[in-house]
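*Asks:* Build me a structure from this.
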Amino acid sequence: MKKRVIACLLAGIMTFSLAACSGGSVSSNSSSGSGKEDSSESSADSEVGVEQTAEPQAPPEDAPVGGQFVVQISPGTLSPDMMDGWSANATNTGFIRLMQDYGLTDIMRDRTLDWNPVVVKSHDEKENEDGSITYTVEINDNLKWSDGSDITAKDYLFAIMLRSSKQFVECEGDATTGSPLLGYTEFNSGDKKEFTGLRLLGDYEFSMTVDAENLPDYYVLGNIGYTPDPMAAIAPGTDILDDGNGCYFNDKFTTDVLRETLLDPNEGFRYKRPVVCGPYKLKSIDVSTETVELEINEEFLGRPDGTKPHVQSIISKPVAVETWRDEFEKGSVDFFNTTKGETIDSTLTKLEDGSLKANYGLVPLDSVNEFRFACDFGPAQFPEVRRAFAYIIDRDELNKQLTGGYASVVDCLATEAMEDYQATKSELEENLTHYTYDIDKAKQELIDGGWTLNEKGEEFKEGTDKVRYKDVDGELMPLEIQWAYSESEVTNLYNTVIPPEAEKVGMKFEGTKMDFAQLVNHLNREGSDPTYHVFSCAVVLPELSSWWYFFDDAPDRMGLWNYYRVSDPELKSITAEMQKVEPGDVEKFRELFVKFEEEINKKMPGVVMTTGTQYWFYNPKLKNFVPRAYDNWWYFILDAYIEE
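*Replies:* Predicted coordinates for the structure are as follows:
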């Protein structure tokens, strides 16, 4: 991860989330926890069958090191990528995050964003006459790569420059990392060899200048929370020079070199990650069996509070979602999470009668399940079609069928873990349109949007014509929606109930089943032309959600960042204004957040089906394992240790 403000992540096969049901209310383990450390032992560390309510904290000094943690993943969701910069798959992200650390800034225990003291020895901030801000950073001289070599200022500069270069673009990578900085555009295009906003000041000292055009920036510390990349390993022979006008590469930095070191399927960093700086390093990966094994990186100095990993190895196991609990009960995986009321209730019953040995935690979800439109082609480019689609779905009833009535439906792009949403929820609920099943409203949206013709260009007649058409630039466009999905209980139900409802309004809704890897390829349009107008997926909304990137319609943002591929002046304007809020002005930011969510509610680039609360059941051998929002298992395990 190159910046702390990150793209939304695909969370895998669509599943439903629930509001909390039997077993207690939502615990304090949310993003808004106080972060106050409690040295007393949690009851979940000394008993079995109880809820974990402790605050996240470092493991005790005498905690043992060893053992193995087995992570279940949904079959078909593991991609070959073991390095960020190409895909945004939440399955891979867990392993990638554990191999990448030492960000200049990070989120602390109290959920505030600050400079990382393990990395940064000193830092200085200076406002320049042109309105730009220069951050001068000296890093500690004791940081090491997993191979024992030193991490220096050049490794941080290399990471920014690599991931901002035209050579990285030629390797099909996301080259927007340095976009907040002065000189990015000229460096990225190749018009200038120097990256003027970067200066090399010593072996362990460098500076970064944030362009005045990008200030103020509500998440400025997040945007400069860069992590290093090993220059000597990724670009052998490359050096970074600075003659006073900014940093630049010598002539050894070439696309051919990068293709060999990054993209080689057997040894490339994208797939094998031989040198890392995170708490874990890659021991092995076999994509054919979807098995990843990580082991402790002995060179890692710790998270910002000094926390080091205590679980020796982490290994993945592909398990069908329907059998997650079965595999957990057998002891073949060490946790499972669920958002389905029936499963939660029956599991809690097993804990109460002692037939299952486990502890659990309640977590406000940081993800939503949605129908995600590709808003740049076909019928999906028109808001009236997207709103009509929302009106033909009885989301409330579907949630009842799938979750026993525990799921919560939202009418905007928000999660239960999101503090800005919780703080403005009452206001939003008063102002947002609640899209519920209404065939007449769906028809009216289509009529208002010009979908009034049949295939001959004549007036569409209900009962006679099957599919509506619209005159678009002199050609008739059929109201046919192609839907891509991975099979699950949820999507199977959708495939049963939605197509006949679509027919009632003159819409053809046709689904294509595929595995998750194929779905991601079509979403990212990797090796495929635009084919599908809408996708079923779950998406994680990060703690620092960079809305201004998600709705920026610049070509290099489309897909990985702007995942709806929507070009909407109002959404772009509002989110750009959100970025320009002074850091710390929460009131102003939330005022704009409400405007943003109201506009999302009108434009409907995606139909959000649900969010809610998730139950995490885990092996009681895991001590100090505290489920909470935003961190997921890959950060839970960093605090944990094993006692058999």
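
*Asks:* tell me the mean pLDDT for stretch 240-252?
*Replies:* Model confidence over stretch 240-252 averages 98 on the pLDDT scale.

*Asks:* correction: stretch 582-591
*Replies:* Confidence for stretch 582-591, expressed as mean pLDDT, is 96.

*Asks:* List the residues that contact residue 122.
*Replies:* Residues touching residue 122, when contacts are defined by CB atoms under 8 Å, 6 or more residues apart in numbering, comprise 137, 138. C-beta here means a position set from N, CA and C on the backbone, and glycine is covered the same way.

*Asks:* low-confidence ranges in the stretch 351-500 of the chain?
*Replies:* Per-residue confidence of the stretch 351-500 of the chain (counting by pLDDT under 70) places the weak regions at 404-407.

*Asks:* quick one, helices of it?
*Replies:* For the stretch 351-500 of the chain, the helices defined by DSSP state H, counting those that start in this stretch occupy 383-391, 395-403, 419-431, 439-448, 489-504.

*Asks:* would you turn these into CSV with distance to residue 183 and mean neighbour count?
*Replies:* CSV is the format used below for the helices of the stretch 351-500 of the chain (distance: least, CB to CB, whole Å; neighbours: other CB atoms under 10 Å):
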stretch, distance to residue 183, mean neighbour count
helix 383-391, 38, 25
helix 395-403, 47, 19
helix 419-431, 32, 15
helix 439-448, 46, 18
helix 489-504, 46, 16
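
*Asks:* and of the ones you listed, who's closest to residue 546?
*Replies:* Taking CB to CB, helix 419-431 is the member of those nearest to residue 546, at 13.1 Å.

*Asks:* by contact count, what packs against the closest one?
*Replies:* Packed against helix 419-431 by the contact rule (3 or more CB pairs under 8 Å, 6 or more residues apart in numbering; DSSP states H and E) you find helix 586-603.

*Asks:* got the contact list for the closest residue in space to residue 568 that isn't next to it in sequence?
*Replies:* Counting by CB to CB, 6 or more residues apart in numbering, residue 568 lies nearest to residue 603, which is 5.7 Å off, once chain neighbours are set aside. Remark: with contacts taken as CB under 8 Å, 6+ apart, residue 603 is in contact with 383, 386, 566, 568, 570, 571.

*Asks:* could I get the residues you listed as CSV with distance to residue 142?
*Replies:* As requested, those are exported to CSV (distance: CB to CB, whole Å):
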residue, distance to residue 142
383, 55
386, 53
566, 46
568, 48
570, 50
571, 45
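
*Asks:* Show me what residue 249 is bridged to.
*Replies:* residue 240 (DSSP bridges).

*Asks:* Distance to residue 335 added to the helices of the stretch 351-500 of the chain, as JSON lines?
*Replies:* Formatted as JSON lines, the entries for those read as follows, by distance: least, CB to CB, whole Å:
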{"stretch": "helix 383-391", "distance to residue 335": "35"}
{"stretch": "helix 395-403", "distance to residue 335": "20"}
{"stretch": "helix 419-431", "distance to residue 335": "26"}
{"stretch": "helix 439-448", "distance to residue 335": "41"}
{"stretch": "helix 489-504", "distance to residue 335": "21"}
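
*Asks:* mind checking which of those is nearest residue 560?
*Replies:* Each of the helices of the stretch 351-500 of the chain was scored for nearness to residue 560 using CB to CB, and the closest is helix 383-391 (21.5 Å).

*Asks:* Is residue 315 in a helix, a strand, or coil?
*Replies:* With DSSP: H, G, I helix; E, B strand; the rest coil as the basis, the three-state label of residue 315 is strand.

*Asks:* hang on, it packs against residue 290?
*Replies:* No. If you go by CB atoms under 8 Å, residue 315 and residue 290 don't touch, sitting 11.0 Å apart.

*Asks:* hmm, who's touching the helix or strand hosting residue 609?
*Replies:* Counting by DSSP states H and E, the element that carries residue 609 is strand 606-610. Strand 606-610 is touched from outside by 14, 16-17, 368-373, 386, 389-390, 393, 395, 398-399, 403, 407-414, 435, 564, with contacts defined as CB under 8 Å, 6+ apart.

*Asks:* Filter these down to the buried ones.
*Replies:* With burial judged by 16 or more other CB atoms under 10 Å, the buried subset of these is 14, 16-17, 368-373, 386, 389-390, 393, 395, 398-399, 403, 407, 409-414, 435, 564.

*Asks:* So which of those residues belong to strands?
*Replies:* Using DSSP state E to define strands, the subset of those located there is 368, 369, 370, 371, 372, 373.

*Asks:* And residue 267, which helix or strand is it part of?
*Replies:* Secondary structure here is read from DSSP H and E; on that basis residue 267 sits in neither a helix nor a strand.

*Asks:* From residue 281, how far off is the residue nearest to it when sequence neighbours are not counted?
*Replies:* The shortest distance from residue 267 to any residue that is not its chain neighbour, by CB to CB, 6+ apart, is 7.1 Å, and that residue is residue 274. Applying CB to CB, to the nearest Å, the value for residue 274 to residue 281 is 9 Å.

*Asks:* more crowded one of the two?
*Replies:* Set side by side, residue 274 and residue 281 show more neighbours around residue 281, with 22 against 17, by other CB atoms under 10 Å.

*Asks:* sec struct for the more buried one, please.
*Replies:* Assigned with three-state DSSP, residue 281 falls in the strand class.

*Asks:* so it bridges to which residues?
*Replies:* According to DSSP bridges, the residues that bridge with residue 281 are residue 295.

*Asks:* how far away is it from residue 414?
*Replies:* Residue 281 is 36 Å from residue 414, where distance means CB to CB.

*Asks:* The stretch 501-644 of the chain: strands as residue ranges?
*Replies:* Counting by DSSP state E, counting those that start in this stretch, the stretch 501-644 of the chain forms strands over residues 508-513, 534-540, 606-610, 613-618, 622-623, 641-642, given from the N-terminal end onward.

*Asks:* What pairs with the fifth one, parallel or antiparallel?
*Replies:* Just to be clear, that refers to strand 622-623. Strand partners for strand 622-623, identified by DSSP bridges, are recorded as strand 641-642 (antiparallel).

*Asks:* same question for the strand it pairs with, mean pLDDT?
*Replies:* Strand 641-642 shows an average pLDDT of 98 in the prediction.

*Asks:* now it, how far from the centre of its chain.
*Replies:* How far strand 641-642 lies from its chain's middle: 27 Å, per CA atoms, centre = their mean, to the nearest Å.

*Asks:* Please report the number of neighbouring residues for the residue nearest to residue 147 when sequence neighbours are not counted.
*Replies:* The shortest distance from residue 147 to any residue that is not its chain neighbour, by CB to CB, 6+ apart, is 5.3 Å, and that residue is residue 275. Around residue 275 there are 19 other residues, counting by other CB under 10 Å.

*Asks:* Identify the residues contacting residue 275.
*Replies:* 145, 146, 147, 149, 230, 233, 269.

*Asks:* Do I have it right that the residue nearest to residue 267 meets residue 268?
*Replies:* No. The criterion here is CB under 8 Å, and residue 274 misses it with residue 268 at 9.1 Å.

*Asks:* Which residue ranges of the stretch 101-250 of the chain form strands?
*Replies:* Using DSSP E, counting those that start in this stretch, strands in the stretch 101-250 of the chain cover 105-107, 113-115, 120-127, 133-139, 198-202, 205-210, 240-242, 247-249.
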